[in-house]
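> Dropping the sequence and predicted coords here.
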Amino acid sequence: MNIVVFIKQTFDTEAKIVLDANGQIDANGVNLIINPYDEYAIEEGIRLKEKFGGEVTVVTMGGARAQEAIRTALAMGIDKGVLISDPALENTDECAKAEILAKAISQIPYDVILVGRIAIDDGASQIAVRLAEALKIPSVSSVLKLEVAGTQATATREIDGGTELIEVSFPAVITAQKGLNDPRYPSVAGIMKAKKKPLQTLTLADLGLNAGDLSLKMNVDKYTLPNARQGGRKIAGDAAQAANELARLLREEAKVL
């Protein structure tokens, strides 16, 4: 079985976001990690390989630091990595990134493509379904359990208030939800082996693309931080007085009543 896992490198969940004078995120000195939901996709890819044989390829986009994420995935047990790195990627949206990713993955043999359900930085949750559309293959999102038999898979996916059982034929895109598995930690032996595993870097030109070919639907001009939270307020008086004052504040200031 040929398995492709797409991952994204994101800020550490404990990182403090700093904006520069132009309203752009300053990544200097910030610890970067593999998007946590993508770790479930990595683990599921490795488990499928261990059960059915084959090869697992991890693909990501980004600058030079994105190699760190790929090497971590290789240390976990992925066989090889592909990094799509090009200055033009800085000005692309999810639609364009899905186009680029589809072009790269179409050059790799695959039976299933695994992706994290959502990225913790932008929360867009778009690339996986757009990728499936570009490749003209089905997709199943928020998968909690995946059972594979030949070219067929039965996926249990999370929905509002419950779960849903879906049967799908490969090739397909599957997005991993928390609970699908327990991702493994890279071992010392895995870290040493990862240094020798192949990692290919591709530019847009290598994929036969240029920035003018991409379908941009959205442009982010700048980011702004939310207003600082105000401290809590203590209401004095007995229970009846406090309740009346609270109702007044909710009605007149918070305007939620």
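Alright, I've got the coordinates. Numbering: from 1, shown residues only.

> and the one helix or strand residue 173 maps to, which strands flank it?
Assigned by DSSP states H and E, residue 173 falls within strand 172-176. Partner strands and pairing direction for strand 172-176 (DSSP bridges) are strand 112-116 (parallel), strand 139-149 (parallel).

> This protein - how does it break down into domains?
2-213, 227-257 (automatic domain parsing).

> returning to that earlier point: deepest-packed of the strands paired with strand 172-176, please.
Neighbour counts (mean count of other C-beta atoms under 10 Å) averaged over each of these peak at strand 112-116, with a mean of 28. C-beta here means a position set from N, CA and C on the backbone, and glycine is covered the same way.

> what's the closest non-adjacent residue to residue 185?
Closest residue to residue 185 apart from its sequence neighbours, by C-beta to C-beta, 6 or more residues apart in numbering: residue 76 at 7.7 Å.

> my guess is that neighbour contacts residue 190, does it?
Yes. Using C-beta atoms under 8 Å, residue 76 is in contact with residue 190, at 6.4 Å.

> Which residue of those two possesses the greater neighbour count?
For residue 76 versus residue 190, neighbours defined as other C-beta atoms under 10 Å are more numerous around residue 76 (23 against 17).

> can you pull the pLDDT of the more buried one?
With respect to pLDDT, residue 76 has a value of 97.

> Pull the contacting residues for it.
By C-beta atoms under 8 Å, 6 or more residues apart in numbering, the residues touching residue 76 are 42-43, 46, 183-186, 190.

> so how many other residues sit close to residue 69?
By other C-beta under 10 Å, 23 other residues sit near residue 69.

> where's the helix or strand hosting it relative to the chain centroid, distance-wise?
Element membership for residue 69 (DSSP H and E) is helix 66-76. In this view, helix 66-76 has its centroid 15 Å away from the chain centroid, taken as C-alpha atoms, centre = their mean, to the nearest Å.

> Check which element follows it along the chain.
Helix 66-76 is succeeded, C-terminally, by strand 80-84 (DSSP H and E).

> in its sheet, what does that next one sit against?
strand 55-61 (parallel), strand 199-202 (parallel).

> Indicate which one of those strands is closest to residue 158.
Among the strands paired with strand 80-84, the nearest to residue 158 by C-beta to C-beta is strand 55-61 (24.1 Å).

> Brilliant, that's me finished.
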